[in-house]
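Colleague: got a predicted model here, sequence first, then my questions.
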Amino acid sequence: MNPPIVAKTNLSVKSQQFAAGFLLVAHLAGIIGLAWPVTRPYFQLVTPINLVVSATLLLLFHQQWNRAFVFFLMFTFLLGVGIEVIGVHSEVVFGAYQYGETLGLKVMEVPLVIGVNWFILSYCTGVICSQLSFPPLVKSLLAAIMMVALDFFIEPVAIFFDFWHWEAETVPLRNYLGWLAVAWIMQLAFVYLPFSKKNPLAIYLFMAQLVFFLILGSIV
């Protein structure tokens, strides 16, 4: 039996279009602001705010709220922050790296907004792959691979703008293997927990982030 419904989102098509347009414009502004040295410091400061606003819009357009979804939300946030704390202090999970100052408030040397980012990526890719006609295990693996693929494009941008930095000159293979393992755990939770897998903003936010990092990656 599914957990009882707490709330159901019922927003208009116009509001969906406005939110999608806002996300695309915000990411385009971020590309221009970060690419231009004069405005770069200011746009670096608002990077955590952009992630929080993006996550808030996703949550507003989630189709149904129940206990399973709240659990998934908290699970991805806490697992994301927790595994990063272990990673930063042990160098076992992803390799030897440290966070810079761009992503804001830290707990145990890990920015809290990183947990928000893990939720955004796992949720968006999960929603996208949920529409495919594959068994749940295959969907979860494909979504996890999408997360790793996006991280591949995130890395050069993150290093340049002081999101984080690696002790080695190149990103270690261990990072991508660690990402795949953590991402798959999150995707298994997404697939098997009984909550709605529909969100009209998920594809727009994922594509906005992909274009954002592809363009900035070509510049830096």
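Modeller: Right, received. Where do you want to start?
Colleague: CA only for contacts and neighbour counts going forward, please
Modeller: Fine.
Colleague: residue 99 pairs with what?
Modeller: residue 164 (DSSP bridges).
Colleague: test my guess that it contacts residue 162.
Modeller: Yes - counting by C-alpha atoms under 8 Å, residue 99 touches residue 162, with 7.5 Å between them.
Colleague: so between these two, which is more surrounded?
Modeller: More neighbours surround residue 99 than the other of residue 99 and residue 162, with 20 against 15 (other C-alpha atoms under 10 Å).
Colleague: which residues touch the more buried one?
Modeller: When contacts are counted by C-alpha atoms under 8 Å, 6 or more residues apart in numbering, residue 99 touches 109-111, 162-165.
Colleague: and with 10 Å instead?
Modeller: 84, 88, 106, 109-111, 158-159, 162-166 (C-alpha atoms under 10 Å, 6 or more residues apart in numbering).
Colleague: how about residue 157?
Modeller: If you count contacts by C-alpha under 10 Å, 6+ apart, residue 157 has them with 163-164, 212-220.
Colleague: in PyMOL, how would I select just the buried ones from the contacts of residue 99?
Modeller: Those of the contacts of residue 99 that count as buried under 16 or more other C-alpha atoms under 10 Å are selected in PyMOL with:
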select buried, resi 84+88+110+111+158+159+163+164+165
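Colleague: quick one: what helix or strand has residue 212 in it?
Modeller: Element membership for residue 212, per DSSP states H and E: helix 202-219.
Colleague: where do the helices sit along this structure?
Modeller: Secondary structure of the chain (DSSP state H): helices located at 13-35, 40-45, 47-60, 67-90, 113-130, 136-160, 173-192, 202-219.
Colleague: okay, those, which one's buried deepest?
Modeller: The highest mean neighbour count among the helices of the chain, using mean count of other C-alpha atoms under 10 Å, belongs to helix 113-130: a mean of 23.
Colleague: brilliant, that's me finished.
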